[in-house]
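# let's see this in three dimensions:
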Amino acid sequence: MSAPAVRTERILVVTPYAPWRDGIGAYALQQVRRLRRAGHHVEVLSTKPSAAHHHGDLRGRAGARLLTRLGRRFDRVILHFHPDVVYRLPPTGGSRIDTALAYGAAFRALPHVELRLHEIDHSWAHEEKTAWATRWMLAGADLITVHSEEQRDQLVDGFRVPAERVVLFDHGVDFEPRTTANRAQARASLGLPADEHVFLCIGFVQPHKGFDRAARAFTGLAAAPGPERPGAEGAQSGVRARLDIVGSVRVTEQQAREHVAELKAIAAREPGIHLHLGFVSDEMFDRWIVAADTVVLPYRHIWSSSVAERAALFGRPVIATDVGGLGHQVEATEGSVLVADNTGLARAMAAAVGRTGADAVPEPWPADGGRDRIQSEIEARATAARGGAASGRTWSTAAGERPALSAPIRRIGAITAPAPVSARPGVSLVKRLIRRTIYWEIEPISDQVNRLQRATADALDQAEADAAAPRDPEDP
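Below is the predicted model of the structure:
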């Protein structure tokens, strides 16, 4: 007897799509290829003109209408859900309700809807004035797929989605290697030394990725290790190391530009840190991972990471902060380490190259030192938790360690334009129109002020470094 025929379907995948440089788009591209290999007819609806069959702005009520109109032609709709795709950002309470109601109605009007949920703000589950609308929208999907138990629990407990509708789906199930290079070939092609330990941060350069945390934690590891001396207290062993930060800037908001400027400033003053800013092809992305010894994911917040899956694909150990579903993703890769904070990150990176990390176990609080001693202890622990002083430096004086002169300047926040949002109906639209009209005049001024602030702080740091450096007695 012949095997029963596999039922093929007409499937609409809704996602950012190639050639746009987008992590969700790259993930969806692999999914589309797998579905087509299985014999399904697959079309793509993208948020921007791309290689997709259909294009349109999917934000808000108009986006929900577009999804309904196209989705009715298909047996199944797979929506790669992220707030950036369906909400106008930053979303106000009113816009969240409006968008959620529109999409909830769209989901119920279509034959079968799967949400591949990449991220949602879980604080929305506790804002009772709007949470009911988000819950109603999510309940309209026939299936919600997530990548970790933590995400599943958050949906079931926080948003009250029926448990039978939330299914775990392996993040890396569609992933395939895109390079055939081995480590030696990859390093030679990228110009990396063969005998150094390469730490790698790769992906879109955004503040929430925390690449600046890795850069600060790396401080001091580039120096050649000292000789091992048996019994010598504090002796260091290990290998020389470098940190490569690779990726492009996906968004152009001022916060992202400030983050890139901060990374450049850290790399300029800390040896061994190398920035490679710009688009990276799929093959080049994998070649960097093959070339690395350790992939570092110092994320401040994230649901799940495609970088963690690609590192596992090539057996590269990962150092990751314990946020979102990262713990679930990296647990199976030998040598991977989860850390809780900046101190743990610095210790793990030092341990990866055989160095001695800082002691993360604090001493008991001083019981009899008075206010000044306790305040000093608070400042010391805050510095350890940050991975360094507020400015990245401290200076020795007769009275002890003190913050750098640039610390007060660096504590001043960058000038940023206020978000064009309002809770009053129609006002957000007016603010967006005003911003588009005048932003080209305001942006250069705020950028220049922020550059002056950074340049002043960097100049103070350099002046202090020059003053603290030992001088040749024969110099005039």
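# CA atoms for contacts and neighbours, from now on please.
OK.
# helix or strand for residue 136, which one?
Take DSSP states H and E as the rule and residue 136 turns out to sit in helix 128-139.
# what's the answer for residue 436, then?
Judged by DSSP H and E, residue 436 forms part of helix 427-468.
# re earlier: hmm, who's touching the helix holding residue 136?
Applying CA atoms under 8 Å, 6 or more residues apart in numbering, the contact partners of helix 128-139 are 93-94, 96-97, 100-101, 103-105, 107, 124-125, 159-162.
# which members of those are the farthest-apart pair?
Greatest spatial distance in the contacts of helix 128-139: 94 and 162, 25.5 Å, computed using CA to CA.
# which residue ranges of the stretch 201-350 of the chain form helices?
Counting by DSSP state H, counting those that start in this stretch, one finds helices in the stretch 201-350 of the chain at the ranges 211-217, 254-269, 282-291, 306-313, 326-330, 342-352.
# which of the ones you listed sits most buried?
Neighbour counts (mean count of other CA atoms under 10 Å) averaged over each of the helices of the stretch 201-350 of the chain peak at helix 211-217, with a mean of 24.
# need the contact partners of that helix.
With contacts defined as CA under 8 Å, 6+ apart, helix 211-217 is touched by 201, 205, 243, 245, 262-263, 266-267, 273, 296-299, 342-343, 345-346, 349, 387-388, 392.
# center of the chain - which residue?
The C-alpha lying nearest the average C-alpha coordinate of the chain belongs to residue 209 (CA atoms, centre = their mean; 2.6 Å).
# show me what contacts the closest residue to that residue other than its chain neighbours?
In space, residue 209 comes closest to residue 299 once its chain neighbours are excluded; the distance is 4.3 Å by CA to CA, 6 or more residues apart in numbering. For residue 299, the contacting residues are 208, 209, 210, 211, 320, 321, 323, by CA under 8 Å, 6+ apart.
# among those residues, who's most crowded?
The most neighbours of any of these, using other CA atoms under 10 Å, belong to residue 211, which has 26 neighbours.
# do a quick rundown of the strands in the stretch 51-200 of the chain.
Using DSSP state E, counting those that start in this stretch, the strands of the stretch 51-200 of the chain run over residues 54-55, 76-81, 113-117, 143-146, 166-168, 197-202.
# quickly compare these and say which is most buried.
strand 197-202 (a mean of 25).
# least reliable of the helices of the stretch 201-350 of the chain going by mean pLDDT?
Of all the helices of the stretch 201-350 of the chain, mean pLDDT reaches its minimum on helix 326-330 (a mean of 74).
# export it to CSV, keeping only CA atoms.
Extracted C-alpha coordinates of helix 326-330, given in CSV (Å, rounded to 0.1, in the frame of the first residue of the first chain):
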residue,chain,number,x,y,z
LEU,A,326,18.4,32.4,27.3
GLY,A,327,18.9,29.9,30.1
HIS,A,328,16.8,27.4,28.3
GLN,A,329,18.6,28.0,25.1
VAL,A,330,22.2,27.7,26.2
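# helices or strands next to it in the packing?
Judged by 3 or more CA pairs under 8 Å, 6 or more residues apart in numbering; DSSP states H and E, helix 326-330 is in contact with helix 306-313, strand 318-321.
# distance to residue 16 for the ones you listed - can I get that in TSV?
Shown next, in TSV, are the helices and strands packed on helix 326-330 (distance: least, CA to CA, whole Å):
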stretch	distance to residue 16
helix 306-313	15
strand 318-321	26
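# CA atoms only for stretch 132-149, dumped as PDB, please.
Extracted C-alpha coordinates of stretch 132-149, given in PDB (Å, rounded to 0.1, in the frame of the first residue of the first chain):
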ATOM      1  CA  TRP A 132      -8.200  43.000  29.000                       C
ATOM      2  CA  ALA A 133      -7.800  44.100  25.400                       C
ATOM      3  CA  THR A 134      -4.400  42.400  25.000                       C
ATOM      4  CA  ARG A 135      -5.800  39.200  26.600                       C
ATOM      5  CA  TRP A 136      -8.700  39.300  24.200                       C
ATOM      6  CA  MET A 137      -6.400  39.700  21.200                       C
ATOM      7  CA  LEU A 138      -4.100  36.800  22.300                       C
ATOM      8  CA  ALA A 139      -7.100  34.600  23.000                       C
ATOM      9  CA  GLY A 140      -8.300  35.000  19.400                       C
ATOM     10  CA  ALA A 141      -5.300  33.100  18.000                       C
ATOM     11  CA  ASP A 142      -5.800  29.400  17.500                       C
ATOM     12  CA  LEU A 143      -2.100  28.600  18.400                       C
ATOM     13  CA  ILE A 144       0.700  30.600  20.100                       C
ATOM     14  CA  THR A 145       4.200  29.200  19.700                       C
ATOM     15  CA  VAL A 146       7.000  30.300  22.000                       C
ATOM     16  CA  HIS A 147      10.600  29.200  22.600                       C
ATOM     17  CA  SER A 148      10.800  28.500  26.300                       C
ATOM     18  CA  GLU A 149       8.800  27.400  29.400                       C
END
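# and that stretch, what's buried?
Under the neighbour-count criterion of 16 or more other CA atoms under 10 Å, stretch 132-149 has 132-148 buried.
# distance check, the residue lying closest to residue 270 once chain neighbours are set aside against residue 293.
Using CA to CA, 6+ apart and skipping the chain neighbours, the partner closest in space to residue 270 is residue 219 (6.6 Å). Distance, residue 219 to residue 293, using CA to CA, to the nearest Å: 18 Å.
# how far off centre is the helix holding residue 136?
Relative to the chain's own centre, helix 128-139 is displaced by 27 Å; criterion: CA atoms, centre = their mean, to the nearest Å.
# pLDDT at the nearest residue to residue 58 once chain neighbours are set aside, what is it?
For residue 58, ignoring the flanking residues on the chain, the nearest one in space by CA to CA, 6+ apart is residue 86 at 5.5 Å. Looking at residue 86, its pLDDT is 90.
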